[in-house]
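Colleague: got a structure for you, letters missing:
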């Protein structure tokens, strides 16, 4: 969700609140068994109070009669301590928070009639790698990948002992090879050391991932997907639809489809000349009306030839 994120110096809480209000209405219509947030709830480890307030208000406003459980995973932008602080209170609302794998202890799953869900937040280097003196860069990179792959292999083995014919759903917050990043993402490890291939998730019926901001599948595998961020976090994402992913699970199978998130504030890139500037601005404004005023990334092609 990246609550508290700004665009350059511009505050985005109004857009974020519009998304949360829309999501609340959508949950009321869909009546799901589970809402999964795959990490990066906040944009920074010290989110502003307004972002914390929006987060808690959203969780408190989900009607209890929906019986919708909520799974909140920590991402690389999140502070596990911030996510965990109200964990016991949130558990009374059937909100399950896993901010860091080191805080979990024994493996735990969320169980439903037709599926079990294995919660994996962002895996920090200390969670998957025991450092050894004298390791080269390539050795560290391979050790991190091996540790992540080992984590998911153990998760699958554990889930199979409990599944009893139910679908097994994995989660995660990482970079997968073959997925398309955006400039607004913060690299998790230097050079994306922890990037794994789609083969890491072999055996799971579905894997719901966080971190990359574009909604997409991984390596052509529709069963491995990033839901993406609900708002475009840079002008590089203006061409991408934003979505939530809805899973329908039954008889050991998972079907899924997208629900497109409305654009509450249009972000537009405009390239024009000085002579056409005002005409193009008016046209762009007329074509991009929404709840909130549009924001524009403007390129003046002949600016060097103009005194202003």
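Modeller: That came in fine, so what should we check first? Bear in mind the structure is a predicted one, so any value in this text is a computation, not a measurement. Numbers count the residues shown, from 1 in each chain.
Colleague: list the contacts for the one residue sitting closest to the centre of the chain?
Modeller: By C-alpha atoms, centre = their mean, the chain has its centre lying nearest to residue 210, at 3.8 Å. Residues near residue 210 by C-beta atoms under 8 Å, 6 or more residues apart in numbering: 37, 38, 39, 40, 73, 75, 171, 172, 173, 226, 227. Any C-beta I mention is one placed from the backbone N, CA and C, and that applies to glycine too.
Colleague: quick one: the nearest residue to residue 31 once chain neighbours are set aside and residue 94, what's the gap?
Modeller: Spatial nearest neighbour of residue 31, excluding adjacent residues (C-beta to C-beta, 6 or more residues apart in numbering): residue 66 at 5.9 Å. Applying C-beta to C-beta, to the nearest Å, the value for residue 66 to residue 94 is 10 Å.
Colleague: circling back: beta partners of the residue nearest to the centre of the chain?
Modeller: Residue 210 forms beta bridges with residue 173, as assigned by DSSP bridges.
Colleague: from residue 286, how far out is it?
Modeller: Distance of residue 210 to residue 286, computed by C-beta to C-beta: 36 Å.
Colleague: next one: residue 267
Modeller: Noted for residue 267: a distance of 16 Å to residue 286, by C-beta to C-beta.
Colleague: of these two, who's got more company?
Modeller: residue 267 (20 against 8; other C-beta atoms under 10 Å).
Colleague: for that one, report the pLDDT, please.
Modeller: On the pLDDT scale, residue 267 is placed at 94.
Colleague: hang on, isn't it packed against residue 235?
Modeller: Yes - contact criterion C-beta atoms under 8 Å: residue 267 and residue 235 qualify, at 5.8 Å.
Colleague: what do those two both touch?
Modeller: Counting by C-beta under 8 Å, 6+ apart, the common neighbours of residue 267 and residue 235 are residue 297.
Colleague: low-confidence ranges, this protein, go.
Modeller: For the chain, the stretches with pLDDT under 70 are 103-105, 131, 184-194, 306, 308.
Colleague: can you pull out the helices in it?
Modeller: 13-30, 49-61, 80-84, 87-91, 125-128, 137-163, 277-287 (DSSP state H).
Colleague: out of those helices, which gets nearest to residue 108?
Modeller: helix 137-163 (9.5 Å; C-beta to C-beta).
Colleague: quick check: residue 117 touching residue 71?
Modeller: Yes - the pair residue 117 / residue 71 is scored as a contact, 6.7 Å apart, by C-beta under 8 Å.
Colleague: mutual contacts of those two, please.
Modeller: Listed as contacting both residue 117 and residue 71 by C-beta under 8 Å, 6+ apart are 34, 36, 110, 171.
Colleague: from residue 42, how far off is the closest residue to residue 293 other than its chain neighbours?
Modeller: Nearest non-adjacent residue to residue 293, counting by C-beta to C-beta, 6+ apart: residue 265, 7.0 Å away. Spatial separation of residue 265 from residue 42 under the definition C-beta to C-beta is 20 Å.
Colleague: these two - which one has more neighbours?
Modeller: Using other C-beta under 10 Å as the criterion, residue 265 and residue 42 rank with residue 42 on top: 24 against 19.
Colleague: who's in contact with the more buried one?
Modeller: 1, 2, 3, 4, 51, 52, 55, 77, 78, 79, 82.
Colleague: if we use 6 Å, what do you get?
Modeller: Residues near residue 42 by C-beta atoms under 6 Å, 6 or more residues apart in numbering: 3, 4, 51, 78.
Colleague: in strands only, show me those.
Modeller: The strands, defined by DSSP state E, take in nothing from these.
Colleague: mind giving me the ChimeraX command for buried ones among those?
Modeller: Buried residues within the contacts of residue 42, by 16 or more other C-beta atoms under 10 Å, are selected in ChimeraX with:
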select :3,4,51,78
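Colleague: among the contacts of residue 42, which one lies nearest to residue 19?
Modeller: Using C-beta to C-beta, residue 3 comes nearest to residue 19 of the contacts of residue 42, at 9.3 Å.
Colleague: so that closest one makes contact with residue 16?
Modeller: Yes - applying C-beta atoms under 6 Å as the test, residue 3 and residue 16 come out as touching, 5.4 Å apart.
Colleague: neighbours around the nearest residue to residue 158 once chain neighbours are set aside, how many?
Modeller: Leaving out its chain neighbours, the residue that sits closest to residue 158 by C-beta to C-beta, 6+ apart is residue 107, at 4.9 Å. With neighbours defined by other C-beta under 10 Å, the count for residue 107 comes to 15.
Colleague: separation between residue 107 and residue 208?
Modeller: Noted for residue 107: a distance of 18 Å to residue 208, by C-beta to C-beta.
Colleague: for residue 148, same thing?
Modeller: In terms of C-beta to C-beta, residue 148 sits 16 Å off from residue 208.
Colleague: just the contacts of residue 210 now: which is nearest residue 142?
Modeller: Checking the contacts of residue 210 against residue 142 with C-beta to C-beta, the nearest one is residue 172 at 19.0 Å.
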